[in-house]
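Undergrad: Quick one, structure for this:
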Amino acid sequence: MSKKRRRPEHSILSKLKEVDSLIAHKRWVEARDLLESLDARFPNREDVLSGLGNVYAELDDMPRYQQICEQLLKLAPDDPEYILAFAGACMGNIRPASAVIAFHRFLDRHPQHERAAEVRKTVEGLESRLDEFFRDAGFAGADAFESAALHEQSLALIDQGKFSQARLKAEELLKRHSNFVPALNNVGQAYFAEGQLDRAIEFAERALTLDDDNFHALGNLTRYYCLLGKMDQAQSCLARLERVESKAADVWLKKMEAASTLGADRAVMEAFDAAERAGIESPH
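TA: Numbering: from 1, shown residues only. All right, here's what the predicted structure looks like:
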């Protein structure tokens, strides 16, 4: 007698029950792995994506949490909880322009929602600090908000591994602000991911002409030159990077990554020790 074939719906519901059990026991990593496998097999299922978003939040994986919120919004563009979740993810990833856009979307579509008054206060507080944030980020003028939003969208796309789309956003930003160093680095990083190493080097070098201590560009160039076998240039970039002083936490990660690329184990440990002395337990 032939066996009955299991229906896909029965199979996924069984797996989701297994996910519920893992979550109940706070086995977040196992729950994440199972949900990711389900998402690969059954893409764009709201129940799978919702569960995956909750697990990413528990694991404090905010870039992926934001990505899931964005996917859920595509499935249900007017859902107030998804809009607020996306806005919260943007805030968690320090992307205030994107957060403000999402909060206004919520208020436009759900002005009488029970959380509307709370959201209005949040937006008022955010908008009162935007000018200062934009100045610190290097944006000024009438297009500061739009420029910041473009930059944040580019960063989000890089987090999601969508490098071609990220590059287009960064290039659009460079049309407005041709000397914006973070966008130059993002374009270079995208070209590197697309396998265009020469163009990646071109944009990293261009960033350094504007900011000769930019640790992102120096770290990236160390890796690029190493991959090309240009070890003298790679060593020179690493030496410059090691001398850079910055209050940014990710400077230590860049130093460790670059030193590791060249097999400079002692330099890796020196950067790690310096990060600990600076009070950064786990630079990332």
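Undergrad: Grab the nearest non-local neighbour of Ile201.
TA: Nearest residue to Ile201, sequence neighbours excluded (CB to CB, 6 or more residues apart in numbering): Tyr224, at 5.1 Å. To be clear about C-beta, it is placed using only N, CA and C from the backbone, and glycine gets the same treatment.
Undergrad: Sort out which residues of the helix or strand containing the one you found are buried, please.
TA: Tyr224 belongs to helix 215-227 when assigned by DSSP states H and E. For helix 215-227, a neighbour-count test (16 or more other CB atoms under 10 Å) marks 215-226 as buried.
Undergrad: now those in a markdown table, with pLDDT?
TA: Formatted as a markdown table, the buried residues of helix 215-227 follow (pLDDT from 0 to 100):
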| residue | pLDDT |
| --- | --- |
| Phe215 | 94 |
| His216 | 95 |
| Ala217 | 96 |
| Leu218 | 96 |
| Gly219 | 95 |
| Asn220 | 95 |
| Leu221 | 96 |
| Thr222 | 96 |
| Arg223 | 94 |
| Tyr224 | 95 |
| Tyr225 | 95 |
| Cys226 | 94 |
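Undergrad: can you list the residues you listed in a markdown table and add distance to Phe134?
TA: Shown next, in a markdown table, are the buried residues of helix 215-227 (distance: CB to CB, whole Å):
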| residue | distance to Phe134 |
| --- | --- |
| Phe215 | 22 |
| His216 | 20 |
| Ala217 | 22 |
| Leu218 | 26 |
| Gly219 | 26 |
| Asn220 | 25 |
| Leu221 | 28 |
| Thr222 | 31 |
| Arg223 | 31 |
| Tyr224 | 31 |
| Tyr225 | 34 |
| Cys226 | 36 |
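Undergrad: before we move on, back to that, what separates the helix holding Tyr224 from the chain centre, distance-wise?
TA: Offset of helix 215-227 from its chain centre (CA atoms, centre = their mean, to the nearest Å): 20 Å.
Undergrad: before we move on, what about stretch 235-249?
TA: Worked out by CA atoms, centre = their mean, stretch 235-249 lies 23 Å from the chain centre.
Undergrad: Ok, stretch 31-51 next?
TA: 20 Å.
Undergrad: same check, this time on stretch 192-212
TA: On CA atoms, centre = their mean, the centre of stretch 192-212 falls 20 Å from the chain's centre.
Undergrad: Kindly list the longest helix within the chain.
TA: helix 116-137 (DSSP state H).
Undergrad: next SSE after that helix?
TA: helix 144-159.
Undergrad: okay, the angle between that next one and helix 116-137?
TA: 90 degrees (axes from the mean of the first three to the mean of the last three CA atoms, to 10 degrees).
Undergrad: Pick out the residue closest to the middle of this protein.
TA: Asp159 (3.6 Å; CA atoms, centre = their mean).
Undergrad: Name the helix or strand for the residue lying closest to that residue once chain neighbours are set aside, please.
TA: Using CB to CB, 6+ apart and skipping residues adjacent in sequence, the residue nearest Asp159 is Pro63, 3.8 Å away. With secondary structure defined by DSSP H and E, Pro63 is part of helix 62-75.
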